[in-house]
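Peer 1: turn this into a structure:
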Amino acid sequence: MDKLQLVTPCLFGLEAVLGRELKQLGYHDQFLEDGRVTFAGNVSDICRCNLWLRTAERVLLKIGDFQALSFEELFEKTKALDWASWLPQDAEFPVEVDSLNSKLASVPDCQAIIKKAVVESLKKKYKLEWFSETGPKYRIMVTVLKDWVTLSIDTSGKGLHKRGYRKLVGDAPLKETLACGMILLSWWKEDRLLWDPFCGSGTIPVEAALAGKNIAPGLNREFVSENWPNIDKGMWRRVKEEAYDLIKTDGNLRIQGTDINNNSLELARYHAKKAGVIKDIHFQNMDAANISSRYKYGVIICNPPYGERLGKKKEAEELYRSIGKKFKDFDTWSYYILTSNMEFEKLFGKKADKKRKLYNGMIKCNYYQYYGPPPPRP
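Peer 2: Residues are numbered from 1 along each chain as shown. As a prediction, the model looks like this:
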């Protein structure tokens with residue numbers, strides 16, 4: 001179990017961002033594909049990556065992969081894998097399957113066959129005919145894509161976007177992993193002002209503060225693999241102690257979150273307090289069309305209303321026109337705007353320096369990036 005293959009799914013469009021995160025953590029042996037990054041690691045890396053990755057949706061332990069064109073082939077090749085190295089005899093092991101463009105299109109049939117194959121594999125190891133499944137949970141996650149089957153065990157439990165600070169949500173909440181991806185795609189550095197003029201329940205400012213203070217995003221939550229006998233609890237303890245030691249306590253972050261909805265701002269303050277960054281963010285009621293700043297350089301990152309709901313499209317389009325006029329006052333700033341409106345540049349009145357396709361839930365969006373000049377060196 002020294003050499004493992006770990007798979008980190010992510011939102012489409014964030015693969016390169018996640019790859020950079022992994023490289024910064026020291027994982028250079030990696031493979032990027034749509035919606036995931038696979039890399040080499042060991043048992044301690046299960047703990048470390050669950051704790052530290054900001055844009056991954058979860059950390060999966062890859063057990064094996066193969067081509068399967070029939071249910072018999074699926075059964076035999078699944079059975080041949082070394083499941084007993086990870087699943088104790090009392091393990092609870094539900095099976096989840098996603099199948100796309102494959103001959104094995106029936107998800108219920110795939111689930112039943114894989115479950116039976118795993119049981120048959122475990123029988124050889126434990127010399128049992130029946131398994132109680134009363135112990136720790138090992139969720140088996142299977143993808144069948146173009147007849148290629150990949151079988152993994154989920155080490156995270158709840159998705160990694162669930163940091164533990166967002167107990168309450170407002171309208172159209174932005175996923176934490178996407179918010180952090182937007183930040184990591186920007187030119188923002190901890191010594192510059194970051195402003196979200198549509199902060200809602202505060203996800204972008206909170207994620208910026210966590211990153212700016214080098215707070216591991218998983219410090220305030222638990223992971224399903226913490227209960228696994230395969231991973232020494234001392235290993236989890238050491239990884240968490242290291243993460244606490246790496247928190248930046250010096251420096252002065254300048255992060256602002258503004259919104260016209262006071263209820264949303266109350267949520268934002270609550271979430272910032274839960275995340276331990278309330279002192280690092282200034283929240284204020286302000287119309288985005290009226291923002292102003294005494295700072296010559298800064299970064300705006302925002303997720304304005306899309307107008308997806310019936311009757312809201314014209315309101316959103318008028319909003320884009322108004323902030324387009326207002327953002328002209330910030331000609332030395334960089335700003336980054338996520339929206340599903342494909343006419344945004346025309347409404348905003350300026351062509352983006354770069355745009356990137358991202359998905360906010362099931363909504364296809366563009367991330368419009370406008371680059372200002374770099375501030376002068378001190």
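Peer 1: show me where the stretch 51-200 of the chain has helices.
Peer 2: 71-79, 107-126, 176-184 (DSSP state H, counting those that start in this stretch).
Peer 1: wait, residue 351 touches residue 344, no?
Peer 2: No - using C-beta atoms under 8 Å, residue 351 makes no contact with residue 344, being 10.2 Å away. (Glycine included, C-beta is placed from N, CA and C.)
Peer 1: who's more crowded, the two?
Peer 2: The neighbour count for residue 351 versus residue 344, taken as other C-beta atoms under 10 Å, is higher for residue 344 (23 against 10).
Peer 1: tell me the pLDDT of the residue located most distally from the centre of the chain.
Peer 2: What lies farthest from the middle of the chain is residue 127; by C-alpha atoms, centre = their mean that is 40.5 Å. Note on residue 127: pLDDT of 94.
Peer 1: ok, the one 4 residues further on next?
Peer 2: Each residue has a pLDDT score; the one for residue 131 is 95.
Peer 1: contacting residues around it?
Peer 2: The neighbours of residue 131, taking C-beta atoms under 8 Å, 6 or more residues apart in numbering as the test, are 89, 90, 91, 119, 122.
Peer 1: shaky segments in the stretch 251-378 of the chain?
Peer 2: Across the stretch 251-378 of the chain, residues meeting the criterion (pLDDT under 70) sit at 309-311.
Peer 1: now do the strands in it.
Peer 2: 255-259, 281-285, 298-302, 334-339, 354-360, 363-370 (DSSP state E, counting those that start in this stretch).
Peer 1: and these: which comes nearest residue 176?
Peer 2: strand 354-360 (12.2 Å; C-beta to C-beta).
Peer 1: ok, that closest one: who's next to it in the sheet?
Peer 2: When pairs are called by DSSP bridges, strand 354-360 turns out to pair with strand 363-370 (antiparallel).
Peer 1: now do the strand it pairs with: distance to the chain's middle.
Peer 2: 17 Å (C-alpha atoms, centre = their mean, to the nearest Å).
Peer 1: for it, buried residues please.
Peer 2: Going by neighbour count (16 or more other C-beta atoms under 10 Å), the buried part of strand 363-370 is 365, 366, 367, 368, 369, 370.
Peer 1: neighbours around the closest residue to the third one other than its chain neighbours, how many?
Peer 2: Nearest residue to residue 367, sequence neighbours excluded (C-beta to C-beta, 6 or more residues apart in numbering): residue 356, at 4.5 Å. Look at residue 356: counted by other C-beta under 10 Å, it has 19 neighbours.
Peer 1: residue 154 contacts residue 58, correct?
Peer 2: Yes - counting by C-beta under 8 Å, residue 154 does reach residue 58; the two are 6.0 Å apart.
Peer 1: what's the distance between residue 250 and residue 184?
Peer 2: Distance, residue 250 to residue 184, using C-beta to C-beta, to the nearest Å: 22 Å.
Peer 1: neighbour count for those two, which is higher?
Peer 2: residue 184 (19 against 5).
Peer 1: grab the nearest non-local neighbour of that one.
Peer 2: Per C-beta to C-beta, 6+ apart, closest to residue 184 is residue 17, 5.0 Å.
Peer 1: let me see the domain layout of this protein.
Peer 2: 4-154, 176-216+247-370 (automatic domain parsing).
Peer 1: those: which one's closest to residue 222?
Peer 2: Here domain 4-154 is closest among the domains of the chain (C-beta to C-beta), at 9.9 Å.
Peer 1: check the offset of that closest one from the chain's centre.
Peer 2: 18 Å.
Peer 1: stretch 282-289: how far from the chain's middle?
Peer 2: Taking mean C-alpha positions (C-alpha atoms, centre = their mean), stretch 282-289 and its chain are 27 Å apart.
Peer 1: just stretch 229-237 next, same as before
Peer 2: 24 Å.
Peer 1: please point out which parts of that stretch sit buried.
Peer 2: 230, 231, 236.
Peer 1: which single one of those is nearest to residue 287?
Peer 2: residue 236 (46.1 Å).
Peer 1: contacts only, for the closest one.
Peer 2: Applying C-beta under 8 Å, 6+ apart, the residues contacting residue 236 are 47, 226.
Peer 1: doesn't it lie inside a helix?
Peer 2: Yes - with DSSP: H, G, I helix; E, B strand; the rest coil as the criterion, residue 236 is part of a helix.
Peer 1: most packed of the helices of the stretch 51-200 of the chain?
Peer 2: Counting by mean count of other C-beta atoms under 10 Å, helix 176-184 has the highest mean neighbour count of the helices of the stretch 51-200 of the chain, with a mean of 25.
Peer 1: which secondary structure elements does that one contact?
Peer 2: Applying 3 or more C-beta pairs under 8 Å, 6 or more residues apart in numbering; DSSP states H and E, we find helix 176-184 packed against helix 15-24, helix 203-212, strand 354-360.
Peer 1: ok, and what's touching it?
Peer 2: 10-11, 13-14, 17, 20-21, 54-57, 160-163, 166, 194, 203-204, 207-208, 210-211, 217, 301, 303, 336, 338, 358, 360, 367.
Peer 1: so where's the stretch 1-150 of the chain uncertain?
Peer 2: 1-2.
Peer 1: go again with 90.
Peer 2: 1-3 (pLDDT under 90).
Peer 1: so where do the strands sit in it?
Peer 2: Using DSSP E, counting those that start in this stretch, strands in the stretch 1-150 of the chain cover 4-9, 30-33, 36-41, 60-67, 95-100, 140-145, 148-154.
Peer 1: now the fifth one: buried residues?
Peer 2: Okay, so that is strand 95-100. 95, 97, 99.
Peer 1: convert the C-alpha atoms of it to PDB, please.
Peer 2: Only the C-alpha atoms of strand 95-100 are listed here, as PDB (Å, rounded to 0.1, in the frame of the first residue of the first chain):
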ATOM      1  CA  VAL A  95     -21.600   0.700  -4.800                       C
ATOM      2  CA  GLU A  96     -22.300   3.800  -6.900                       C
ATOM      3  CA  VAL A  97     -22.000   3.600 -10.700                       C
ATOM      4  CA  ASP A  98     -22.000   6.200 -13.500                       C
ATOM      5  CA  SER A  99     -22.200   4.800 -17.100                       C
ATOM      6  CA  LEU A 100     -21.800   6.800 -20.200                       C
END
